[in-house]
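Peer 1: Here is a sequence with its predicted model. Questions after.
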Amino acid sequence: MAKKKEKVVVEERKYAAPAIESFDIILAPIVTEKTMKQQQEENKITLKVAKSANKAQIKIAVQQIFNVKVDEVKIINVLPRAKRVGRYEGKVSGYKKAIVKVNAADKINVVNE
């Protein structure tokens, strides 16, 4: 009789991405006249976020920190721009900006929280 080959079971390795804490994702609120108007009229908040963050991570972080339901997240990469001080030239660093629409039932005030 011919021997049957035994199937070799190889353990599947799962490499999970390191978990980023919510406070590592959201860096700071962006407070301008336009963002304050959006916050009051459209229930949207504008935040400076980590460069590596995606929409899903931002949504989870906002829901955990502010304890609200998020409807929509939009992301904008703000490019670095040139800056001059006298004869010295340099750049203002770029960053990633997120505009988060909060559910109408929830109110949020980024400046006070």
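Peer 2: Good, I have the coordinates.

Peer 1: Where do the strands of the protein begin and end?
Peer 2: Using DSSP state E, the strands of the chain run over 26-29, 44-49, 70-78, 81-85, 88-92, 95-102.

Peer 1: closest to V111 out of the ones you listed?
Peer 2: V111 lies closest to strand 26-29 among the strands of the chain, at 7.0 Å (CB to CB). The way it works is simple: take the backbone N, C-alpha and C, and place the C-beta from them, glycine included.

Peer 1: contact partners of that closest one?
Peer 2: By CB atoms under 8 Å, 6 or more residues apart in numbering, the residues outside strand 26-29 that reach it are 35, 45-50, 58, 61-62, 65, 95, 110-111.

Peer 1: try 6 Å this time
Peer 2: The contact list for strand 26-29 (CB atoms under 6 Å, 6 or more residues apart in numbering) reads 47-49, 61, 110.

Peer 1: Just give me the closest of these to V85.
Peer 2: Proximity of these to V85 was ranked by CB to CB; the top entry is K48 with 23.1 Å.

Peer 1: All good on my end, thank you.
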